[in-house]
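*Asks:* Got a predicted structure plus its sequence, pasted below:
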Amino acid sequence: MGTDFYVHETAVVDAGASIGSGTRIWHFCHIMPGAVLGPECNIGQNCFIANGVTLGRNVKVQNNVSIYEGVDCADDVFIGPSVVFTNVLNPRSAVNRKDQYRKTHIGTGASIGANATIICGHNIGSYAFIGAGAVVAHDVPAYALVVGNPAKQIGWMSTYGERLVFDEQGTAVCTESGERYSLINNEVIRVEQ
């Protein structure tokens, strides 16, 4: 483990954790020995990151988040305050199910809003947007906007996090970036310009 990252004096980073260059770990965090945090991540206060968790480059984890074994995040993921991840579908205190952890993958650029719950065993697509308080119990397509309990898709989002409105030809333009998108067979594709 190098020294080109910041760890607040109240945080605990166990020997064997891998911390990328420029990453910042704030107050009262605990990073377990098998965790892998990429470069330029920011881990807000009071967070727990378990063995086997992988965070890509520039992942932002806000305050009060526990990320349990089985979760991996690609680059540029945003995880809002108090987001909840699970790794077993039917936990019982008296039953050891460590061999039944289900994988959860969060794709590049996805955002998960405050207080959302992500039930294990699902994939959240690249640039998907999970609304605050949503309970996700199914896969979420790339660029999808989902809200509610249970989470339901209500639209599409751009890579900039702006709502996309598709015309009759299945074309949309991000109001912030000017990027163009196509909707084909219920799948969003960013059009290279």
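*Replies:* Nice, I can see it.
*Asks:* C-alpha only now, for contacts and for neighbours.
*Replies:* OK.
*Asks:* Unless I'm misreading it, N51 sits right up against P33, doesn't it?
*Replies:* Yes - under the criterion of C-alpha atoms under 8 Å, N51 makes contact with P33 at 6.0 Å.
*Asks:* R102: neighbouring residues, count only.
*Replies:* The local packing of R102 (other C-alpha atoms under 10 Å) involves 17 other residues.
*Asks:* Surely it and D72 touch.
*Replies:* No - in this structure R102 lies outside contact range of D72 using C-alpha under 8 Å: 11.2 Å.
*Asks:* Can you list the low-confidence ranges for the protein?
*Replies:* 1-2 (pLDDT under 70).
*Asks:* dump the residue contacts of D75.
*Replies:* 55-59, 107-109 (C-alpha atoms under 8 Å, 6 or more residues apart in numbering).
*Asks:* In JSON lines: those, plus secondary structure and neighbour count.
*Replies:* What follows is these, written out as JSON lines (DSSP: H, G, I helix; E, B strand; the rest coil; neighbours: other C-alpha atoms under 10 Å):
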{"residue": "L55", "secondary structure": "strand", "neighbour count": "27"}
{"residue": "G56", "secondary structure": "coil", "neighbour count": "21"}
{"residue": "R57", "secondary structure": "coil", "neighbour count": "21"}
{"residue": "N58", "secondary structure": "coil", "neighbour count": "21"}
{"residue": "V59", "secondary structure": "coil", "neighbour count": "25"}
{"residue": "G107", "secondary structure": "coil", "neighbour count": "23"}
{"residue": "T108", "secondary structure": "coil", "neighbour count": "22"}
{"residue": "G109", "secondary structure": "coil", "neighbour count": "23"}
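*Asks:* Taking those, tell me the two that lie furthest apart.
*Replies:* For the contacts of D75, the maximum inter-member distance is 12.8 Å, found between N58 and G107 (C-alpha to C-alpha).
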